[in-house]
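# everything below, folded, please.
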Amino acid sequence: MGGDVDERRISFDTVWLAELPPPVERENFFAPQAVCPFCSADSRKAIPRFAVQQLFWKLNVIECQACKLCYKEAFPTAKFLLSIYGRDYPHFEAGNAGSDSSVFKSRVRRMGCPKGRHLDYGCGVGSFVGAAMHFGWDSYGADPYLPEKTVPGVPKERLFLFNAATLDADVVRRIGRFDCISMWAVLEHLPAPDATIRGILTMLNPGGILIFNAPNPGSMVARRDGGRWQLAILLEHLLFWSPDTVVQMAARHGMKVLRISVCGSPYPFGRDASSQSSQGLRGLPFQCLNIESLDHKVGSPSKVVTMAGDNVFRQRVHQTLRQLMVGPSSSWRETILRQFISIVGIGDHIEAVLQKI
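From the prediction side, this is the model:
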């Protein structure tokens, strides 16, 4: 009789186990980086800077001792990146990207006087392409995850789907070369930055300008917040660029550094953190977990990370500065604030302008 009971128990346990979800393994979501993604130095020699919570796991942000690039010790897998940059990716929502050209007036101005063809790589829905066209550039856009819906006013034939890291000669012949290439909020997303920059430069005319911005791991904000640094928490942010790394990039690819400046957007303090559930995870089963940051062990209760109490002061400063920039005459105010942020060195971004020799 005891044997019958044991048999029934085994049968019940088997059914129960079959109904359980498969175990969540880190390697299904993140691929470890054996070498620096920029200079290929051994990642084992990199120095850990801080750790960030990524889904259920802690990942170190490490600094390459050869090129000073900071990067996460593991990147989302190709399949996971496709999910992140799917149709629910918030920055691919045309309605939220802004179609008002005046929003980007300062950026367009920093590209210099309109003089030829311009490519915005990592263009998303094409908002900046439309702004550059409005201010006189013969502008085009490209994105390896180009969304189906783009902003009105930018012809579809001006937007291209390709990955510069795997660029072939046929694409260059088809779309031509450019006098200026911009990469706004792109460099932190690149799994293969060296190959991407090399591909970008094949499309840039000699004497042409490459302009970009990127999160700076040496900023006061990054050093203060560490694992709570809002720009490092996002799953799709893989790389963090110091001025030293940009200088090495220029030397490595035969470019001249025209300018490297500290900047913010428009000010680093008090910026609201977007939870990870809104950064590409809305189409995945994780949204039910209310993920912004979870404890290290699977199954432990969720723990939402909030900033310290001194955030109130920083938020007030942030709001005051934003109010100064509101209105049709805000261009000169933004210029003054940008110069102030650069001189004092309190921004958490850098902006670089390089010229192809």
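
# strands along this structure, start to end?
Ranges of strands in the chain, per DSSP state E, are 30-32, 47-54, 57-63, 70-72, 74-76, 117-121, 138-142, 159-160, 178-183, 204-215, 239-240, 255-263, 349-356.

# wait, which of these is closest to D225?
strand 47-54 (8.5 Å; C-beta to C-beta). All C-beta atoms are positioned from the backbone trio N, CA, C, and that covers glycine.

# ok so, going back, turn the strands of the chain into CSV, including mean neighbour count and mean pLDDT.
Shown next, in CSV, are the strands of the chain (neighbours: other C-beta atoms under 10 Å; pLDDT from 0 to 100):
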stretch, mean neighbour count, mean pLDDT
strand 30-32, 16, 97
strand 47-54, 17, 95
strand 57-63, 19, 97
strand 70-72, 25, 98
strand 74-76, 21, 97
strand 117-121, 26, 98
strand 138-142, 24, 98
strand 159-160, 20, 97
strand 178-183, 24, 98
strand 204-215, 20, 97
strand 239-240, 25, 98
strand 255-263, 17, 94
strand 349-356, 21, 96
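
# got those strands as CSV, with distance to D194 columns?
Below are the strands of the chain laid out as CSV (distance: least, C-beta to C-beta, whole Å):
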stretch, distance to D194
strand 30-32, 17
strand 47-54, 20
strand 57-63, 17
strand 70-72, 12
strand 74-76, 14
strand 117-121, 15
strand 138-142, 18
strand 159-160, 22
strand 178-183, 14
strand 204-215, 14
strand 239-240, 11
strand 255-263, 13
strand 349-356, 15
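
# and of the ones you listed, who's closest to I233?
The closest of those to I233 is strand 47-54. By C-beta to C-beta, the value is 5.6 Å.

# for C39, find the nearest of the strands of the chain.
Closest among those, using C-beta to C-beta: strand 70-72, at 10.8 Å.

# what is the closest one packed up against?
When contacts are defined as 3 or more C-beta pairs under 8 Å, 6 or more residues apart in numbering; DSSP states H and E, strand 70-72 sits against strand 47-54, strand 57-63, strand 239-240.

# just put those strands in a markdown table and tack on distance to A214.
As requested, the helices and strands packed on strand 70-72 are arranged in a markdown table below (distance: least, C-beta to C-beta, whole Å):
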| stretch | distance to A214 |
| --- | --- |
| strand 47-54 | 16 |
| strand 57-63 | 14 |
| strand 239-240 | 7 |
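
# mind checking which of those strands is nearest G227?
Using C-beta to C-beta, the nearest of these to G227 is strand 47-54, at 4.7 Å.

# and that closest one with strand 57-63, angle?
150 degrees (axes from the mean of the first three to the mean of the last three C-alpha atoms, to 10 degrees).

# touching, D244 and A66? I think so.
No - using C-beta atoms under 8 Å, D244 is not in contact with A66, being 10.8 Å away.

# and those two? which has more neighbours close in?
A66 (16 against 13; other C-beta atoms under 10 Å).

# how about the contacts made by the more buried one?
36, 39, 41 (C-beta atoms under 8 Å, 6 or more residues apart in numbering).

# Throw those into a markdown table and include distance to G347, pLDDT and neighbour count, thanks.
Output for the contacts of A66, formatted as a markdown table (distance: C-beta to C-beta, whole Å; pLDDT from 0 to 100; neighbours: other C-beta atoms under 10 Å):
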| residue | distance to G347 | pLDDT | neighbour count |
| --- | --- | --- | --- |
| C36 | 25 | 98 | 25 |
| C39 | 25 | 97 | 18 |
| A41 | 28 | 98 | 15 |
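
# now, among these, which is nearest to L239?
C36 (9.9 Å).

# spatially, what comes nearest to the closest one if we skip its sequence neighbours?
Closest residue to C36 apart from its sequence neighbours, by C-beta to C-beta, 6 or more residues apart in numbering: C64 at 4.2 Å.

# isn't the one you found up against A41?
Yes - at 5.3 Å, C64 and A41 qualify as touching, with contact defined as C-beta under 8 Å.

# would you map the helices across the stretch 51-200 of the chain?
Here the stretch 51-200 of the chain has its helices, by DSSP state H, counting those that start in this stretch, at 78-84, 94-97, 105-110, 127-134, 169-175, 193-202.

# where among those helices is average confidence lowest?
Between these, the one with the least mean pLDDT is helix 94-97; it has a mean of 54.

# got the end-to-end distance for stretch 26-45?
Using C-alpha to C-alpha, to the nearest Å, the end-to-end distance of stretch 26-45 comes to 22 Å.

# who's in contact with that stretch?
Residues outside stretch 26-45 that contact it (C-beta under 8 Å, 6+ apart): 46, 54-57, 59, 62, 64-67, 69, 71-77, 80, 190-194, 238-239, 245, 248-249, 252.

# pull out the buried residues from that stretch.
29-30, 33, 36-39, 43 (16 or more other C-beta atoms under 10 Å).

# do stretch 114-133 as well
The neighbour-count check on stretch 114-133 (16+ other C-beta under 10 Å) flags 114, 117-133 as buried.

# ok, back up a step: deepest-packed of the helices of the stretch 51-200 of the chain, please.
Comparing the helices of the stretch 51-200 of the chain by mean neighbour count (mean count of other C-beta atoms under 10 Å), helix 127-134 ranks first with a mean of 24.
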